[in-house]
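J.: after the sequence you'll find the predicted model.
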Amino acid sequence: MTQGFDIELSHCRKTYGDIDVLDDVSLQVKNGEFITVLGPSGCGKTTTLRVIGGFIIPDNGRVSIRGREVTNLPPYKRNIGVVFQNYALWPHMTVSEILSFGLRIRKLPREEIARRVDEALSMVQLTGLKDRYPRELSGGQQQRVAMARALAIDPEVIILDEPLSNLDRRLREELRIELKRLQRSLGVTMLFVTHDQEEALSMSDQVVVMQSGRIQQIADPRTVYERPANRFVAGFLGSANFLAGELVQNSRESRAEIKLGNGAVVTAHAPSVKQVGEKVTVIVRPEWLVLERQGSGLPTNQLEGTVGDVIYEGSAIRYGIKLTHEPESPIFLQERSNADVLKPGDKVRINVTNAVIATE
Amino acid sequence: MSATTISTDKVVSSRKMRLPLPTALGIAAFCAFVIVVAPLFVVVGAALNAEAMFFPPKQLTLHWMVAALTDGSFVNGALISFTVAAVAATVSTIFALPVALQLRKAPPTVAKILTLSFMGPLLVPSVIFALSLYSVVIYAFGVTNLFVLVIGHVMITMPYPVRTITAVTENLDPALEDAASSVGANPWRTFVSVTLPLIKPGVIAGFLFAFITSWNDFSISVFLTPRELQPLPIKIYEYLLYQYRPLIAAVSTWSVIGSAIVVLIIDRLVGLNVFTGRRS
């Protein structure tokens, strides 16, 4: 039954004192998949990784790697490559000693060890730095060595704990692309823990969003961004406006019309069936709102308001707009900055091109 | 040209500004240094006297320094001291290792209390400690021997390696050991290949402290030493009971030199292969 998944957690629970660090966490990762566990600090993402790695034994639940149950096995009896946040390179060993350590434990022949060390080094483009000590390497090089160490043991899966968070922005973006390319070319299953939503969206096949020890949503990057399951997911990945309203009509399949407080009606995606008359929250991302410069008078999906804040962000411009007859805080709208710039106080008409009903 | 002159002036004046005026801290440090080092000068000075012991010496000679090295009784005492110190320091370091490693895993408050209790032997007056140990030994075995003396020395020297090893393990990132485990190293392999090399400075320093403490110990030895196998400090004491000659200062001087050499050698060893990996 567990066959077919490289990593499978079912109903894992871990409690420290009164705190549920993991609250009924279940997830499955297919072979060759890149899965990201995303969430704010303290959400349980690192604990999830440590449970998979065997550094923490869950109070309840099962952990399987490639169909083999490993729940109570120590890390050295699993075959999992781990990349640590601060790299955890042994300071008293050279790069080649670090990479060959796991292979020497496996008692491989010398030539085999040398070949695999070279192979791992060329995968991360570090050939020629074999005899350096970790302190003689830059942050980016140390990160690559940590990656190569995990690859060298030919693991069943690789788990990475915020491996890019200690690097500066440019290097981080570079390594992100490189890591993804490496993962795809080797076809190795990776589970990547991060608090950086950009990393999660740009690299993953699947994103697991966590908060307070619980999984909030598991889906591909597009779905978590465009169809966030709830307010938390919508707010954590990118920015979002939340509009309160009442469901007035279930129109087509999984779409519904919602009447907002100020009387405007918008159509929104409804992931679950709601009753007419139910109070709902509508999630609208700033770029789903489009300024209607011509002023076409469509009956639905139109909002009116006054420009408040104008925030220049380089490639984009963001407006805080106070909606007419809507007492809530302003909603934000984003458009490319090459359009005509509005001034505070301008009256605007907005077209809502996309909206989602939050499930809770 | 004039510009150069001006800049030279500036350099000169700034140099004058940097004249090291003694600060209160500097004076205090100097006084402390004098107090610590003065006894060494007195001992060495006394050893160089020609006739009776005086400080400063009246007539200089190396006669006593040579005599100290050829005196069979003292050489014998030094050998016994060395053996006892080497065995006791080794045993106490080996005992201290698991203690320190386990303390690191204990909850912080428990660890704090336990660390303090391992300092216990330093808090009990050593004469009282030695007397109690002596009573127990006599009661249990009816006799004291070298083995018992070593046990006593292990007990009083253990706080040092416990302290120094705990200090280095506090700075040891647990992820380094997790990483070893992740590539397949069992706990023993992880200890030998990762933990031990990284805590080596603390282990060596602890051994060193234990060795010197044992080498110089008097109060434990005076109770537990068997008649025929007296360590150096007891020999010195017994000699002083009957005679008062520069020979004894010369023996002490050699002892100080020996300790200093041990410190230097081990410091050199530690400096050569351990710090290369540790300081980043």
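T.: Yes, it's here.

J.: so which bits of chain A are right by chain B?
T.: A:53-55, A:74-76, A:79-82, A:84-86, A:88-93, A:101-102, A:105-106, A:133-135, A:149-150, A:152-153 (CB under 8 Å from any CB of the partner chain). From N, CA and C alone the C-beta is placed, and that goes for glycine too.

J.: mark which of these are part of helices, please.
T.: A:53, A:101-102, A:105, A:149-150, A:152 (DSSP state H).

J.: circling back: are any of the residues of chain A next to chain B buried, and which?
T.: Buried subset of the residues of chain A next to chain B (neighbour count, 16 or more other CB atoms under 10 Å in any protein chain shown): A:53-55, A:75-76, A:79-82, A:84-86, A:88-93, A:101-102, A:105, A:133-134, A:149-150, A:152-153.

J.: just the local confidence number for A:Gln216, please.
T.: On pLDDT, A:Gln216 comes in at 93.

J.: now A:Glu111: how far from B:Ile35?
T.: To B:Ile35, A:Glu111 is 64 Å away according to CB to CB, to the nearest Å.

J.: likewise for A:Ala150?
T.: A:Ala150 is 56 Å from B:Ile35, by CB to CB.

J.: same deal with A:Ser272?
T.: 81 Å.

J.: low-confidence regions, chain A specifically.
T.: A:1-3, A:294-299, A:327, A:360 (pLDDT under 70).

J.: quick one, phi psi at residue 255?
T.: Going with chain A. Here is the backbone geometry of A:Arg255 (degrees, to the nearest 10): phi -130, psi 150.

J.: count the residues that sit near it.
T.: Other residues within reach of A:Arg255, judged by other CB atoms under 10 Å in any protein chain shown, total 14.

J.: look up which residues are beta-bridged to it.
T.: A:His269 (DSSP bridges).

J.: contacts only, for it.
T.: A:267-270 (CB atoms under 8 Å, 6 or more residues apart in numbering or on different chains).

J.: what does A:Lys14 give?
T.: A:20-22, A:47, A:51, A:56, A:58-59, A:213.

J.: ok, A:Leu9 next?
T.: Contacts for A:Leu9 (CB under 8 Å, 6+ apart) come out as A:25-28, A:48, A:51-52, A:61-63.

J.: which helix or strand contains it?
T.: A:Leu9 is part of strand A:5-16, with elements assigned from DSSP states H and E.

J.: C-terminal to that strand, what's the next element?
T.: Trace forward from strand A:5-16 with DSSP H and E and the next one is strand A:19-30.

J.: next, work out how far apart the closest residue to A:Met147 other than its chain neighbours and chain B are.
T.: In this structure, A:Met147 finds its nearest non-sequential neighbour in A:Val124, 5.3 Å apart by CB to CB, 6 or more residues apart in numbering or on different chains. A:Val124 is 16 Å from chain B, where distance means CB to the nearest CB, to the nearest Å.

J.: who's in contact with A:Val124?
T.: A:Val124 touches A:144-145, A:147-148, A:151, A:182, counting by CB under 8 Å, 6+ apart.

J.: and the residues you listed, which of them are buried?
T.: With neighbours counted using 16+ other CB under 10 Å, these contain these buried positions: A:144-145, A:147-148, A:151, A:182.

J.: show me where pLDDT drops low in chain B?
T.: In chain B (pLDDT under 70), the answer is B:1-20, B:50, B:266, B:268-280.

J.: tell me the secondary structure for the residue nearest the centre of it?
T.: Chain B has B:Phe209 as the residue nearest its centroid, 3.0 Å off, counting by CA atoms, centre = their mean. Classification of B:Phe209 by DSSP: H, G, I helix; E, B strand; the rest coil places it in helix.

J.: so it makes contact with B:Thr164?
T.: Yes - with contact defined as CB atoms under 8 Å, B:Phe209 counts as touching B:Thr164 (6.8 Å).

J.: any idea how far the residue nearest to the centre of chain B is from A:Ser64?
T.: 50 Å.

J.: please apply the same query to A:Pro221.
T.: The separation that A:Pro221 has from A:Ser64, given CB to CB, amounts to 25 Å.

J.: tell me who's in contact with residue 194.
T.: Since no chain was named, I'll use chain A. A:36-38, A:45, A:162, A:164-165, A:200.

J.: not quite, go with chain B.
T.: If a contact means CB under 8 Å, 6+ apart, then B:Val194 has A:90, B:176-177, B:179-180, B:185 as its contacts.

J.: could you check which helix or strand contains residue 175?
T.: Because you didn't say which chain, this covers chain A. Under the criterion of DSSP H and E, A:Leu175 resides in helix A:169-186.

J.: chain B, not that one
T.: B:Ala175 belongs to helix B:174-182 when assigned by DSSP H and E.

J.: for that helix, packing partners?
T.: strand A:80-83, helix B:187-190 (3 or more CB pairs under 8 Å, 6 or more residues apart in numbering or on different chains; DSSP states H and E).

J.: in that helix, what counts as buried?
T.: B:175-182.

J.: without its sequence neighbours, what residue ends up closest to residue 256?
T.: Since no chain was named, I'll use chain A. A:Ala270 (4.4 Å).

J.: hmm, no, I was thinking of chain B.
T.: B:Leu40 (6.3 Å).

J.: show me what contacts B:Ser193?
T.: A:101, B:180, B:185.

J.: which SS state does it fall under?
T.: helix.

J.: and it, how far is that from B:Val183?
T.: B:Ser193 is 10 Å from B:Val183, where distance means CB to CB.

J.: now list whatever residues contact both of those two.
T.: Here B:Ser193 and B:Val183 have A:Phe101 as joint contacts, going by CB under 8 Å, 6+ apart.

J.: what's the neighbour count on residue 35?
T.: I'll assume chain A. Look at A:Ile35: counted by other CB under 10 Å, it has 25 neighbours.

J.: chain B, not that one
T.: B:Ile35: 9 neighbours (other CB under 10 Å).

J.: circling back: buried subset of the contacts of A:Arg255?
T.: Buried subset of those (neighbour count, 16+ other CB under 10 Å): A:267-268, A:270.

J.: tabulate those residues (a markdown table), appending distance to B:Glu228.
T.: As requested, these are exported to a markdown table (distance: CB to CB, whole Å):
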| residue | distance to B:Glu228 |
| --- | --- |
| A:Thr267 | 104 |
| A:Ala268 | 98 |
| A:Ala270 | 97 |
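
J.: quick check, nearest of the residues you listed to A:Arg231?
T.: Among the buried ones among the contacts of A:Arg255, A:Ala268 lies closest to A:Arg231 (CB to CB), at 14.1 Å.

J.: who are the contact partners of that closest one?
T.: Counting by CB under 8 Å, 6+ apart, A:Ala268 touches A:255-258, A:282, A:355-357.

J.: again with A:Ile321
T.: A:305-308, A:330-333, A:348, A:350.

J.: which non-adjacent residue is nearest it?
T.: In space, A:Ile321 is closest to A:Gly305, 4.3 Å off (CB to CB, 6+ apart).

J.: can you classify the one you found by secondary structure?
T.: Under three-state DSSP, A:Gly305 falls in the strand class.

J.: contacts only, for it.
T.: A:321-324, A:326, A:330-331, A:347-348, A:350.

J.: could you chop chain B up by domain?
T.: What automatic domain parsing lists as the domains of chain B is B:21-61, B:71-276.

J.: so which of these is the most surrounded?
T.: domain B:71-276 (a mean of 18; mean count of other CB atoms under 10 Å in any protein chain shown).
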